[in-house]
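>>> generate coordinates for the sequence data below:
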Amino acid sequence: QVQLVESGGGLVKPGGSLTLSCVANGRTFSNNTMAWFRQPPGSLRKFVGGSQWSGGIVYYADTVKGRFSVSRDGAKNAIYLHMNNLNAEDTAVYYCAAAGEYKSDPRNIHVMDYWGKGTMVTVSS
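This next block holds a predicted model:
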């Protein structure tokens, strides 16, 4: 059974930084699309950042470009989200996702076959 397990969420002050981790178990995703999505309270789940494989180009949502970065470790079957200069609009539940098909567009929520349970990030003073 495939599981994606996120960690690293919490409360952070505006302007602060936080790193989220996601480790996949049950299947290797080093050559598959993995991505981060987030869902603010009362809003839809949206793409944050991701790549088609562990060494591939990373795509970002415009709202996080220059502040967030995504990295992957193929050996650990993991994806990370490094978040800097956080603001209140970044408050959301952050989800790790992975696609079963190769070369899936990480920006497309509909191609994701596997999801973590999410980790809450709250940006508040």
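>>> could you list every residue that touches C22?
Shown in contact with C22 (Cβ atoms under 8 Å, 6 or more residues apart in numbering): L4, V5, E6, S7, M34, W36, A78, I79, Y80, L81, C96, G116. All C-beta atoms are positioned from the backbone trio N, CA, C, and that covers glycine.
>>> now those in TSV, with neighbour count and pLDDT?
Below are those laid out as TSV (neighbours: other Cβ atoms under 10 Å; pLDDT from 0 to 100):
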residue	neighbour count	pLDDT
L4	25	98
V5	14	96
E6	22	96
S7	13	96
M34	29	97
W36	26	98
A78	20	96
I79	29	97
Y80	18	98
L81	26	98
C96	29	98
G116	22	98
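>>> low-confidence ranges in this protein?
Nowhere does the chain drop to pLDDT under 70.
>>> which residue ranges of it form strands?
3-7, 10-12, 18-25, 34-39, 46-51, 58-60, 68-73, 78-83, 92-98, 114-115, 119-123 (DSSP state E).
>>> and those as CSV, adding distance to D105?
Converted to CSV, these look like this (distance: least, Cβ to Cβ, whole Å):
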stretch, distance to D105
strand 3-7, 18
strand 10-12, 30
strand 18-25, 19
strand 34-39, 9
strand 46-51, 9
strand 58-60, 8
strand 68-73, 15
strand 78-83, 16
strand 92-98, 12
strand 114-115, 16
strand 119-123, 24
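>>> Y102 against N32, yeah?
Yes: between Y102 and N32 there is a contact under Cβ atoms under 8 Å: 6.2 Å.
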